[in-house]
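Visitor: next one to model:
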Amino acid sequence: MRLSRLLRLPLLLLSLAVGVHAQSANTDLSTQAVAAVGSGAAEPRTPDFVEYLVDLVLGLFGVESAGNTWQHWSIAALITVLFYVLRKVVARAIFAVIKRVTARTKTTLDDELIAAWQKSVSAAIAVIGAIIAIKVLKLTPEAEEAFHYFRTIALSVVTLWFFISTIACVLDHLHLSAKAKGTAVAAFMPWIKKTVIALILIFGVLIAAQSLGADVRAFLAGLGIGGLAFALAAQDTLANVFGSVVVAVDQPFRTGEFVQIGQHMGTVEDIGLRSTKLRTPQRTLIAIPNKTVAAEAINNFGRMPQRRVDQTIGVTYSSKPEQIEGLLEDIRALLKSEPLIHQDFLAVNFVNYGAYSLDIQIIYFAADPDMRKTFALREKINLALMRLVAARGLSFAFPTQTIEFSGAVAERMAAARKAAADSPAS
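Guide: The predicted structure follows:
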């Protein structure tokens, strides 16, 4: 209860400052104008709202003066002290309560925003207090004009500080979230943050310059011509930057995935503004311009749900049909019983009479697309196939040739072999 009473006067002054700034924007010209009337004497300056309010209060106590009295300086000093106290109360007490409330939420974004807002809000309170304190005093036209520039610049700075700290906090939070999820946009978040902050800063400076009387339209016209010349000179660089934006939005791959971009194949190591870098199977590093990446077809091997295995085994022609049928059933049962094999598609068939073998084609999909795990699975299945072939009394075929001799040559070779066999030495 005491705290609310203590803060009542500073809060009243704070609301008064907001109204003063809005109202004085329409009366600055009249308060600064000095016109020659009659004999050339200056027309009296019309006091603004705060100055009028202070004169009214002092008039109730019998204090009347055309200049600054010690009462004016005392009120200005008192307002400065009150806003200094208000700044400390807001920074320590009010923000401490808000931090305790936001600490109970699941997200950390609100905690980061409160920490980012604390300094800018404290600076805004100090600026508003300084503006109100100066408004209490009676200023000359020259000082009033200088104060107008000070007020515009100071309020623009604290406003830009607030918005930039807010945007930076939100983008940093999104960057950490994207990095934790492994999305490709994480690589572009620092660049996006710098671009957004630069645009806000430029927009705020232009508004402040416009309020100070600068010719912003002429500046923007010249900037457009210069920007066109710059775009023509840096069209390749801009094409790469836009290509990086396309990659960030579309996300055809992420860092660490194995991809094929055009004729190049490798693991994505870095996604930059100008190029994307791939580490090839030969361990070399290839940098591909992002405009090429955006225009090429991309084959992402890292996003295969399963990895296909297609192999053919051959048994000898001496195998009997019943043995082949039994072997096919054994292989189908083997694949169906393996938990590391995707069961949606299995193919085991006697498909061909080869040059030297009876060919059996086996097609299945490894449930885990990891290449090393797929190699381990193939090794396990191949060893099991060897045992199944041996259990059926069959043999794997290999390239062989059978040569048949006939006629006189064959008769002489047969006689020579018989003679060698019947000789005593044998």
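Visitor: can you map out the strands along the stretch 251-400 of the chain?
Guide: Taking DSSP state E, counting those that start in this stretch as the criterion, the stretch 251-400 of the chain carries its strands at 258-261, 264-271, 275-279, 285-289, 298-300, 307-315, 341-353, 358-366.
Visitor: so which of these gets nearest residue 154?
Guide: strand 264-271 (41.6 Å; CB to CB). Any C-beta I mention is one placed from the backbone N, CA and C, and that applies to glycine too.
Visitor: report the angle between the closest one and strand 275-279.
Guide: 120 degrees (axes from the mean of the first three to the mean of the last three CA atoms, to 10 degrees).
Visitor: for strand 264-271, the averaged confidence score.
Guide: Confidence for strand 264-271, expressed as mean pLDDT, is 88.
Visitor: buried residues in it, which are they?
Guide: 264, 266, 267, 268, 271 (16 or more other CB atoms under 10 Å).
Visitor: what's the closest of the residues you listed to residue 329?
Guide: residue 267 (41.3 Å).
Visitor: tell me what the closest one is bridged to.
Guide: residue 258, residue 279 (DSSP bridges).
Visitor: same deal with residue 349?
Guide: Counting by DSSP bridges, residue 349 forms beta bridges with residue 361.
Visitor: report all helices and strands that the helix or strand hosting residue 152 contacts.
Guide: In the assignment (DSSP states H and E), residue 152 maps to helix 141-181. Packing partners of helix 141-181 (3 or more CB pairs under 8 Å, 6 or more residues apart in numbering; DSSP states H and E): helix 2-32, helix 109-136, helix 189-211.
Visitor: would you list the buried residues of strand 264-271 in TSV and tack on distance to residue 257?
Guide: Formatted as TSV, the buried residues of strand 264-271 follow (distance: CB to CB, whole Å):
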residue	distance to residue 257
264	14
266	10
267	7
268	5
271	11
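Visitor: just checking, residue 149 touches residue 212?
Guide: Yes. Assessed by CB atoms under 8 Å, residue 149 is found in contact with residue 212 at 6.5 Å.
Visitor: on that earlier part again, closest one of the buried residues of strand 264-271 to residue 92?
Guide: residue 271 (43.7 Å).
Visitor: for stretch 79-97, buried residues please.
Guide: Those would be 79, 80, 82, 83, 86, 87, 89, 90, 95, for stretch 79-97 by 16+ other CB under 10 Å.
Visitor: run through who's touching stretch 313-332.
Guide: 346, 348-350, 354, 356-360, 362, 385, 388-389, 391-397 (CB atoms under 8 Å, 6 or more residues apart in numbering).
Visitor: start and end of it, how far apart?
Guide: 14 Å (CA to CA, to the nearest Å).
Visitor: stretch 96-115 too?
Guide: Using CA to CA, one end of stretch 96-115 lies 10 Å from the other.
Visitor: which parts of it are buried?
Guide: In stretch 96-115, counting by 16+ other CB under 10 Å, buried: 98, 102, 109, 110, 111, 112, 113, 114.
Visitor: next up, the contacts around the last one.
Guide: Listed by CB under 8 Å, 6+ apart, the contact partners of residue 114 are 95, 98, 99, 102.
Visitor: the last one and residue 175, how far apart?
Guide: I take that to be residue 102. For residue 102, the distance to residue 175 (CB to CB, to the nearest Å) stands at 20 Å.
Visitor: shaky segments in the stretch 301-426 of the chain?
Guide: Where the stretch 301-426 of the chain drops to pLDDT under 70, the residues are 424-426.
Visitor: quick check: the farthest pair among the contacts of residue 114?
Guide: 95 and 102 (10.1 Å).
Visitor: neighbours of residue 159, how many?
Guide: Residues lying near residue 159 (other CB atoms under 10 Å) number 16.
Visitor: chain neighbours aside, what residue packs nearest to it?
Guide: Distances taken as CB to CB, 6 or more residues apart in numbering place residue 204 nearest to residue 159, at 7.0 Å, with adjacent residues excluded.
Visitor: just to check, that neighbour is in contact with residue 158?
Guide: No. The pair residue 204 / residue 158 is not scored as a contact, 10.9 Å apart, by CB under 8 Å.
Visitor: tell me how the protein divides into domains.
Guide: Under the assignment automatic domain parsing, the domains of the chain span 2-217, 249-302, 304-426.
Visitor: now do the first one, average pLDDT.
Guide: When pLDDT is averaged along domain 2-217, the result is 69.
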